[in-house]
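K.L.:
Below is the structure, and that's it, no one-letter string:
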């Protein structure tokens, strides 16, 4: 069962552990962020998982059973996922797949709270990621326009993934997938991901997945911006000498450690 991005951990738990809010002020902020996502019809967020009354019920239940905002927030996140899963027809023989990129910063919490969970980290050449950010429209305020800031964002995510995979507590539970390899050999990479997750990796299943997820069939494929073309190495057409210098100054050897060459 694949889903849209929930942003559950940053929107709920992040309110308390990142923003440092407490008590009613924190929970009002959680609801405010929910309302903003619903009003703006954002493509990711809690509003795609539970309705507002359900979220309020989950918060009330968590506050009645937990002794801290942080513990209550984690309980609410779990409740959001459970509510969505069962409403969507979930059953013990189905797998819940969630794909919020920012959840890598909460990965340790996720893997400890859900001992059966596994995590797939998808890494792409930071220079192509930088170009994707460059091509995003002005409404995408999360993406920096400055090349140095783009490099810093990519570096932050990739370093976090490296730390996670180096943690012996999570050995065998985190899989690194390079975007470029998926593009070059999608059959092998999809099969590898399915096998890692303990799912059916037979040829018929792999082909069905590739057919349903082909970039050319998606709505994004019809958009004219270069970052939506899913091209490997597109940065070569967009990086000037100063872009190379700015990117390298920030990223250093992490690019090569991540599997890419300068």
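P.N.:
Perfect, thanks for sending it. No experiment lies behind these values; they were computed from the predicted model shown.
K.L.:
domains for the protein, by residue range?
P.N.:
Split into domains by automatic domain parsing, the chain comes to 1-112, 118-262.
K.L.:
Worst mean pLDDT among those?
P.N.:
Sorting the domains of the chain by mean pLDDT places domain 118-262 lowest, at a mean of 91.
K.L.:
what about that domain, start to end distance?
P.N.:
32 Å (CA to CA, to the nearest Å).
K.L.:
likewise stretch 65-74?
P.N.:
12 Å.
K.L.:
Phi, psi for the closest residue to residue 154 other than its chain neighbours please.
P.N.:
Nearest non-adjacent residue to residue 154, counting by CB to CB, 6 or more residues apart in numbering: residue 126, 3.9 Å away. Using the backbone N, CA and C atoms, a C-beta is placed for each residue, glycine as well. Main-chain dihedrals, residue 126, degrees, to the nearest 10: phi -60, psi -30.
K.L.:
quick one: contacts for the most centrally placed residue in the chain?
P.N.:
The centre of the chain sits closest to residue 101, judged by CA atoms, centre = their mean, with a distance of 1.7 Å. By CB atoms under 8 Å, 6 or more residues apart in numbering, the contact list for residue 101 reads 5, 157.
K.L.:
Next, work out how far apart it and residue 57 are.
P.N.:
Remark: distance between residue 101 and residue 57 (CB to CB, to the nearest Å) = 28 Å.
K.L.:
likewise residue 142?
P.N.:
Residue 142 sits 30 Å away from residue 57, taking CB to CB as the criterion.
K.L.:
next helix or strand past the strand or helix carrying residue 57?
P.N.:
Using DSSP states H and E, residue 57 falls within helix 52-65. Next along the chain after helix 52-65, taking DSSP H and E as the criterion, comes helix 69-87.
K.L.:
buried residues in that following helix?
P.N.:
69, 72-77, 79-81, 83-85 (16 or more other CB atoms under 10 Å).
K.L.:
Identify the residues contacting whichever helix or strand comes after that helix?
P.N.:
Per DSSP H and E, the first helix or strand lying C-terminal to helix 69-87 is helix 107-113. Around helix 107-113, the neighbours that count as contacts under CB under 8 Å, 6+ apart are 9, 13, 74, 78, 103, 117, 119, 160, 164, 167, 169-170, 173-174.
K.L.:
what's the answer for stretch 199-212, then?
P.N.:
Outside of stretch 199-212, the residues that reach it under the criterion CB under 8 Å, 6+ apart are 95, 186-187, 190-191, 194-195.
K.L.:
Out of those, give me the one that has the most neighbours.
P.N.:
Counting neighbours by other CB atoms under 10 Å, the top entry in the contacts of stretch 199-212 is residue 190, with 19 neighbours.
K.L.:
give me every residue that touches that one.
P.N.:
By CB under 8 Å, 6+ apart, residue 190 lies in contact with 182, 201, 206, 209-210.
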